[in-house]
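Asker: just the structure for this:
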Amino acid sequence: DDPQWMDRDLKRRMKKGMISFAGGGADSRGMELFIALVDVRLGGAKHEVPFGHVIEGLDVLDRWYDGYGDMAQFGGSAPSQGRIYQEGNNYLREQFPKLDYITSCEVV
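Answerer: Residues are numbered from 1 along each chain as shown. Below is the predicted model:
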């Protein structure tokens, strides 16, 4: 976990384009990342600290398919993290055919 540097007075701290590790509590971060597609209320906990942001191609985020919504625990029908771990890309390709993929990135 990292020190929280975002303004705690803002309701929607995590701004569009910010990149953060996903986590479910203290010391829970793994290899999963997320990019905020809109300003969101995350950013109040130590495991919700962004470490980067999209600097070019932000308009591409607006074209990503978002029809699956958020994770089930947040009211959406996005892929199950547990099933991704167990079944991998076969599960994603079969159950979520419209899912977009990042095929490359560059650290600047």
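Asker: can you give me the helices for this protein?
Answerer: Here the chain has its helices, by DSSP state H, at 58-61, 81-87, 89-95.
Asker: and those helices, which one averages the lowest pLDDT?
Answerer: Among those, helix 58-61 carries the lowest mean pLDDT, a mean of 86.
Asker: hmm, who's touching that helix?
Answerer: Outside helix 58-61, the residues that touch it by Cβ atoms under 8 Å, 6 or more residues apart in numbering are 16-17, 35, 37, 54. All C-beta spots, glycine's among them, are computed from the backbone N, C-alpha and C.
Asker: mind running it again at 10 Å?
Answerer: For helix 58-61, the surrounding residues in contact (Cβ atoms under 10 Å, 6 or more residues apart in numbering) are 16-17, 35-38, 54, 100, 102.
Asker: which of these sit farthest apart?
Answerer: Farthest apart among the contacts of helix 58-61 by Cβ to Cβ are Val38 and Ile102. That separation is 18.1 Å.
Asker: neighbour-wise, which of the two wins?
Answerer: Between Val38 and Ile102, counted using other Cβ atoms under 10 Å, the more crowded position is Val38 (12 against 9).
Asker: where are the low-confidence patches of this structure?
Answerer: Within the chain, the stretches with pLDDT under 70 are 1-12, 23-31, 41-48.
Asker: who's in contact with the nearest residue to Asp70 once chain neighbours are set aside?
Answerer: Of all residues not flanking Asp70 in the chain, Gly76 sits nearest, at 3.5 Å (Cβ to Cβ, 6 or more residues apart in numbering). Taking Cβ under 10 Å, 6+ apart, we find Gly76 in contact with 66-70.
Asker: of the residues you listed, which belong to strands?
Answerer: Among the contacts of Gly76, no member falls in strands (criterion: DSSP state E).
Asker: now the two most distant members of those residues.
Answerer: Greatest spacing in those, by Cβ to Cβ: Gly67 and Asp70 (11.5 Å).
Asker: surely Gln86 touches Ser80?
Answerer: Yes - the pair Gln86 / Ser80 is scored as a contact, 8.9 Å apart, by Cβ atoms under 10 Å.
Asker: who has more neighbours out of those two?
Answerer: Between Gln86 and Ser80, Ser80 has the larger neighbour count (other Cβ under 10 Å), namely 14 against 9.
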